[in-house]
Structures are given as structure tokens and as C-alpha cells.
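Asks: please work out how this folds:
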Amino acid sequence: MASDSEALEQVEPDGVSCAPTPDLLMHPLSLPRGITLLRHCLQPGTEAAPMDGSLPPGIRVGVMLSGSLDMYPRNRARPVTLSSPLLYLAASTEGYPTRYVLHPGEPITYVSIQFSCLKTAGINMEDLAEARSPHDDDPLPRVLLRPADRTLCSLARQLLNCPLNSASGSLYETAKALEFAALAIEGLVCRKDTADTAALSALDVTRVQKACAILVEHMQAPPSLPELARQSGLNVRKLTRGFRRLYGDSPYAYLKRRRLERAYQLLAAGEMNVSQTAFSVGYTLPHFCSLFQKHYGHPPGQIRRTHPF
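Replies: Take a look at the predicted model:
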């Protein structure tokens, strides 16, 4: 990533297919004052594989909507694990090399904004040092991580699925991108943790992540909330609080989002028709169509018509 318009998605190491689904692959959008919008969906292989690149000078702030990966800033030995839905910020005055290791299986979908300099974003390195929480699982004060809330995730999806195809689409994307950047920076640099979102212990984090993996693995027939809590070693209250802390949602609101994201991927890839897709993610057809329409703003059949494989 040698320039503002070059992004992580442009690196294709051996063993990793980075071919995105057509609806998620978009060219970088140049915005005013040295700001670039980047959107992509990386398709990991069946095994973890490294991707070497570099973060350019300035600030990159974004939301990871799906998938997970390990990031090694400045090629350090200790990784920073990024798991969706995640709000992240990486900043540097000079740029630095970074290695990524994509976790196998799920596509990694993200939207990010690159500022060519810190001043453009209206913050400085002192702001970032003060914003870094002692609970952040991150070796550098220049990398900030937070769970992405519903508002930012919704904006990211709107940037991935622009409803306007005319010349006004660029204006729409510019407005949404600037709104996305402002809210993301506000959420990272200015947000203060409340008692309700106090840090979990390392063991609790591991257990919540285990519960998340169970939900995703069994999305067609997920366990009940009490059973999920039992399997993960937590009580229902701590599990729910932990999910809100790590993923920005309750366990089953998170599951609904992951089901719909998986359904979108299946339909866009042409692997299944609408009925088959609904069944594969655990919904009846009428319920699936209703949820999909509310979430994406158009019926699931429209994806099949747009991408006739």
C-alpha cells in the first residue's frame, strides 16, 4: 500500500484468493482534501496465510463488518487480532510496514477512510495517545480498536451498497463517507467508556468469543441463550454484556446480522436461490425476505437479477 489509493485488498499472497464478490469490489473514491474511501471483500483461503504491506502516512479509520484477521504493526511478534464488527484506526506520521494474517473461511468485508495527513482528520498524535484505553489489546498507541456500533455498521453497508446508480451516486457516497469518517473518529478519539461497557477479563473475552463462534457455526439451528451461556462457561447476563462490549449487539441481534451477511454472500455468488439461502441460514422464506428487505433496502431476489451467474 504505497499510496492513498492502494489498499490491503491489492495484495494477493500465495494460498489466499482475494477475488472479491462483484457487488463489494469498488474502486477507491477520492474525496475532498486528500481523503480516500476504500471498500472491499477479501476471500481467505482454507488456511491462514500472511499478507505483507504497509500503512501509508496519515490516518486510516474504518469498520470491519465481517471476518477476522491478525495484524502485526511494524512486523512485531505480537499480533493485534481484529474481529468483526470492529471500529479501528491506524495512524502514523511516516507510514510503517504491516503484516496481516487472514483467518480462513469467512470473507473479510470492510470500509475505511484514508486521510493523507493527521491534520486533515482534525486530530493529532497526542489525541490518539490520550484516547488509547489501557484495555485495548494492542501494542501501539497509534492503533485504536473499539466494537463498531449499529450506526457505523449501517453507514458502512450503505457505502457498500449505494442505492443510486446515476451521477448523483458519487454525491451520495461522498456525503455518506464524510459522515462515516466523522462518526468513526468521534467514536474512537472522543468516546469515554461507561460502567456498562467496563472491560471484561481476558478469560471472559475468550468465553464470549467462544460463544460467538458457536453461534456462527450453528447459525442454521443455534442454541438457546441459556444453552449458549452454559456452553461458553458464562451466565446469561455476563454473556449478553460481553457481546455488547465486544460486538456492539446482543447475541441474537449479532446472529441475525451474520445470517443476513452470509445470505447476501451466497446470493451474490450465485451458489443458491432465495429459498435455499433462507434455509441455509436458518430462516423460513417469508421471514427471511422480510428481514433482508429491512436490512439491505431491497428484496433478496434483486441480487440474483443483478448478478446472474
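Asks: all strands for this structure, in order.
Replies: In the chain, the strands defined using DSSP state E lie at 29-31, 35-42, 49-55, 58-66, 68-73, 80-83, 86-92, 96-102, 108-115, 143-147.
Asks: okay, those in JSON lines with mean neighbour count and mean pLDDT next?
Replies: For the C-beta atoms, the positions are set from N, CA and C on the backbone; glycine is no exception. Output for the strands of the chain, formatted as JSON lines (neighbours: other C-beta atoms under 10 Å; pLDDT from 0 to 100):
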{"stretch": "strand 29-31", "mean neighbour count": "16", "mean pLDDT": "57"}
{"stretch": "strand 35-42", "mean neighbour count": "23", "mean pLDDT": "77"}
{"stretch": "strand 49-55", "mean neighbour count": "18", "mean pLDDT": "72"}
{"stretch": "strand 58-66", "mean neighbour count": "24", "mean pLDDT": "82"}
{"stretch": "strand 68-73", "mean neighbour count": "20", "mean pLDDT": "78"}
{"stretch": "strand 80-83", "mean neighbour count": "18", "mean pLDDT": "76"}
{"stretch": "strand 86-92", "mean neighbour count": "23", "mean pLDDT": "78"}
{"stretch": "strand 96-102", "mean neighbour count": "19", "mean pLDDT": "77"}
{"stretch": "strand 108-115", "mean neighbour count": "26", "mean pLDDT": "82"}
{"stretch": "strand 143-147", "mean neighbour count": "22", "mean pLDDT": "77"}
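Asks: outline the domain layout of the chain.
Replies: As assigned by automatic domain parsing, the chain contains the domains 8-192, 198-306.
Asks: mean pLDDT for these: which is lowest?
Replies: Per-stretch mean pLDDT for the domains of the chain is lowest at domain 8-192 (a mean of 67).
Asks: and for Gly248, the neighbour number?
Replies: 23 (other C-beta atoms under 10 Å).
Asks: same deal with the one 10 residues further on?
Replies: A total of 22 residues lie near Arg258 under the criterion other C-beta under 10 Å.
Asks: spatially nearest residue to it (excluding sequence neighbours)?
Replies: Val216 (5.8 Å; C-beta to C-beta, 6 or more residues apart in numbering).
Asks: tell me the contacts of the one you found?
Replies: Contacts for Val216 were tallied using C-beta atoms under 8 Å, 6 or more residues apart in numbering; they are 106, 255, 258.
Asks: how much space between the first one and Leu188?
Replies: Translated: Glu106. 24 Å (C-beta to C-beta, to the nearest Å).
Asks: also Tyr254?
Replies: 21 Å.
Asks: repeat that for Ala148.
Replies: If you go by C-beta to C-beta, the gap between Ala148 and Leu188 works out to 10 Å.
Asks: kindly report the same for Asp204.
Replies: Distance from Asp204 to Leu188, by C-beta to C-beta: 23 Å.
Asks: measure Leu82 to Val143 for me?
Replies: Counting by C-beta to C-beta - Leu82 and Val143 are separated by 10 Å.
Asks: and for Gly282, nearest residue in space, chain neighbours not counted?
Replies: Gln220 (4.3 Å).
Asks: my read is that the one you found contacts Ser280, right?
Replies: Yes: contact criterion C-beta atoms under 8 Å: Gln220 and Ser280 qualify, at 6.5 Å.
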